[in-house]
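K.L.:
generate a structure from the sequence data that follows.
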Amino acid sequence: MATETAPKGKKSAKATKATKATKATKAAKAAEGDGNKLRIRVRAYEHKILDASIKQIMDTALRYDAKTVGPIPLPTEIKKYTVNRAAFVHKDAREQFEMRVHKRVIDIMNPTPKVVEALTNLSLPSGVNIDVKMS
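P.N.:
Predicted coordinates:
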C-alpha cells in the first residue's frame, strides 16, 4: 500500500486551483460593488406603525433613485411571561402576558451621500427602533 503525500510546505495542484478560483470570485464581487450596501433593520411592537415607517423609508430611498431590496419581514419575536395572580394563596391561579416584536429589513445597494443624509434626517414615530449598518 503506497500512498502519495505532498512534501511539507507545498500545496497540491487541486488546492492551488481552488484558492485561485476563490480569489477570482471575491475579486469579481468586489468589482461589482456587491459589498457596498446599507442594511436598515427596523423593529417595533405595533405592526401598523412599523409598516408606516417602512413606507416612509422606501419613499425617501426611491425619491433619490436608490436601488432597494425589501422590505423583508423577519420572524416575529414573541416573549411570554407568566405571573401569579395572588401573592400568597391561590398558587395555581396565574396570568400570561406576551410581547411581540415585529421586524423588517431593507437593503439599499450602493447608497449615495444624499440618500444617507435624507435617511438620517427622517423623523419616524416613537416606538420604532432602527439599526443602520454599512457593509
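
K.L.:
pLDDT of stretch 103-110, averaged?
P.N.:
Regarding stretch 103-110, the rounded mean pLDDT is 90.

K.L.:
can you give the distance of it from its chain's centre?
P.N.:
Here the centre of stretch 103-110 is set off from its chain's centre by 7 Å, with Cα atoms, centre = their mean, to the nearest Å.

K.L.:
show me what contacts residue 118?
P.N.:
60, 63, 64 (Cβ atoms under 8 Å, 6 or more residues apart in numbering). Bear in mind the C-beta positions are built from the backbone N, C-alpha and C, glycine included.

K.L.:
can you tell me which of these are buried?
P.N.:
For those, a neighbour count by 16 or more other Cβ atoms under 10 Å gives the buried set as residue 60.

K.L.:
residue 91: which of the contacts of residue 118 is nearest?
P.N.:
residue 60 (53.8 Å; Cβ to Cβ).
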